[in-house]
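[1] here is my input; please provide its structure:
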Amino acid sequence: MNSTFTKIIRLLLAVILILIGLNKFFQFIPAPEIPEDASEFMGSLKATGYVIPVLGMVEIFIGLLLLFNKWVAFAVIALVPISLNVLLYHLFLDIPHIGIAALVAIINFILLYKLWPKYKPLFN
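    Down below sits the predicted model:
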């Protein structure tokens, strides 16, 4: 798990997650125009008052774990449902903006593959 390639993608994923998580609080990345269905979905998540901030905190937390190389196996497995849901959101509601979501999911699954020996005992 300590190859240069793995370190680079782990750090890239960490930076992406921290930036995306912080953006949920400070909105420094301009929001693109999204389709009506996607807008309604995002509006309902925002209307709860807690989903977006909690998601932002989780993304920042996972990003920091990856950045500081702590509990990496936990961080990678915890990110799976988030990256999968974001990818599915874009596949079904906002395909033109799928780039970052696909990148996060791909890196997440590469790291999952690299860490597979740590997860094997879970499936025995």
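
[2] which ones are touching Ile29?
    19-20, 23 (C-beta atoms under 8 Å, 6 or more residues apart in numbering). Any C-beta I mention is one placed from the backbone N, CA and C, and that applies to glycine too.

[3] just Leu11 next, same as before
    Taking C-beta under 8 Å, 6+ apart, one finds 66-67 in contact with Leu11.

[4] and it, helix, strand or coil?
    On the three-state scheme (DSSP: H, G, I helix; E, B strand; the rest coil), Leu11 is labelled helix.

[5] where in this protein is pLDDT low?
    In the predicted model, the chain carries pLDDT under 70 at residues 1.

[6] now do the helices in the chain.
    4-26, 36-47, 51-67, 72-93, 99-114, 116-119 (DSSP state H).

[7] could you give the angle of the third one to helix 36-47?
    When you say that, I think you mean helix 51-67. 90 degrees (axes from the mean of the first three to the mean of the last three C-alpha atoms, to 10 degrees).

[8] and helix 51-67, how far out from the chain's middle?
    8 Å (C-alpha atoms, centre = their mean, to the nearest Å).

[9] which among the contacts of Ile29 count as buried?
    With neighbours counted by 16 or more other C-beta atoms under 10 Å, the contacts of Ile29 contain buried members at Ile20.

[10] using a markdown table, lay out the contacts of Ile29 together with distance to Phe109.
    Shown next, in a markdown table, are the contacts of Ile29 (distance: C-beta to C-beta, whole Å):
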| residue | distance to Phe109 |
| --- | --- |
| Leu19 | 20 |
| Ile20 | 18 |
| Asn23 | 23 |
